[in-house]
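Participant: what's the 3D shape of this:
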Amino acid sequence: MLTATRLLPPGPLHAHDRVVLDYDGRLIRRRRLTTAQGTAFLVDLPALTNLDAHWGFELSDGTRVQVVAAPEALVEITGDLPRLAWHIGNRHTPCQIEPGRLLIRRDHVIEAMLIQQGATLRTVSEPFTPEGGAYGLGRTMGHDHGPAPDHPHSHAHGHDHGHDHFHPHGHGH
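Facilitator: Residues are numbered from 1 along each chain as shown. Just a heads-up that it's a prediction; the model follows:
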């Protein structure tokens, strides 16, 4: 079986093939993946890695496989975006921020809170590429809040999980 020998840096590279992964699938350490053309390959990274920070993989036969974000069930949020973004961030919910809207994954508790805050919501199916975690390193990891929208617990624990770079054979970015 082919193996991923290195992660490729962001940028305009020529792809031989692509692998389409949802947001959860783009957080990876070790997994067998299959490209759009049916080629299977093994990814074995030294640490849990956010593929959003990379263009794709170079395989052991030299093939370059681009990582593409898959469409997912999302909620488009419009309204007072700075205030709504603050409430979303306060709940450590991954959020894609655009000039005229915010996007989050479906979450009935967060959706109810946003409606209470005056947001307009619309379900959409699109690729989800939220902002990275603190300082752009890693991801914001959401957590379940149960039915209470007032959010009474502390946030002393961190939810930002960084990523390491994969250079098994000394290849740089």
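
Participant: By residue count, which strand of this structure is the longest?
Facilitator: The longest strand of the chain (DSSP state E) is strand 40-50.

Participant: Buried residues, that strand. List them.
Facilitator: By neighbour count on 16 or more other C-beta atoms under 10 Å, the buried set for strand 40-50 is 41, 43, 45, 49, 50. (Each C-beta comes from the backbone N, C-alpha and C, glycine too.)

Participant: Listing partners with orientation, what would you give for it?
Facilitator: strand 2-8 (parallel), strand 27-34 (antiparallel) (DSSP bridges).

Participant: wait, which of the buried residues of strand 40-50 is closest to residue 74?
Facilitator: Distance to residue 74, by C-beta to C-beta, is smallest for residue 50 among the buried residues of strand 40-50, at 18.5 Å.

Participant: Could you report the pLDDT at that closest one?
Facilitator: According to the prediction, residue 50 has pLDDT 90.

Participant: Run through the bridge partners of it.
Facilitator: Going by DSSP bridges, residue 50 forms beta bridges with residue 27.

Participant: With just CA atoms, put the next helix or strand after the longest strand of the chain into CSV.
Facilitator: For strand 40-50, the following helix or strand on the C-terminal side (DSSP states H and E) is strand 56-59. Below are the C-alpha coordinates for strand 56-59, written out as CSV (Å, rounded to 0.1, in the frame of the first residue of the first chain):
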residue,chain,number,x,y,z
GLY,A,56,-2.1,17.8,0.8
PHE,A,57,0.2,14.8,0.8
GLU,A,58,3.0,13.5,-1.3
LEU,A,59,2.8,9.7,-1.6
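
Participant: I'm done for today, thanks for sticking with me.
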